[in-house]
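A.B. asks: Dropping the sequence and predicted coords here.
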Amino acid sequence: MEDILKSTVLEYDKSTFLIDLREEKAGKEYVKSRENIEGNKGTLELKINIRR
């Protein structure tokens with residue numbers, strides 16, 4: 001389980017980006033980005049861990 005701490009939506013050209021700051025139950029935080037491109041069926045996903 002994870003919590004979304006903050007979320008932002010960005011749009012550029014034919015792409016929509018959903019960017020979340022998330023926290024796992026263990027307390028680790030990371031950024032998760034999803035890109036949807038108009039006309040494509042798939043979604044690109046990226047996870048960036050945050051070190052503290």
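C.D. replies: Arrived safely, thanks for sending.

A.B. asks: contacts and neighbour counts: CA atoms only from here.
C.D. replies: Will do.

A.B. asks: what are the ranges of the helices in the chain?
C.D. replies: Along the chain, no stretch is classed among the helices by DSSP state H.

A.B. asks: now the strands for it?
C.D. replies: Ranges of strands within the chain are 2-12, 15-24, 29-37, 43-49, based on DSSP state E.

A.B. asks: From the contact counts, what lies against the last one?
C.D. replies: If I follow you right, that is strand 43-49. Applying 3 or more CA pairs under 8 Å, 6 or more residues apart in numbering; DSSP states H and E, we find strand 43-49 packed against strand 29-37.

A.B. asks: switch to 10 Å and redo it
C.D. replies: Applying 3 or more CA pairs under 10 Å, 6 or more residues apart in numbering; DSSP states H and E, one finds that strand 43-49 contacts strand 15-24, strand 29-37.

A.B. asks: likewise the third one?
C.D. replies: Counting contacts by 3+ CA pairs under 10 Å, 6+ apart, the secondary-structure elements packed against strand 29-37 are strand 2-12, strand 15-24, strand 43-49.
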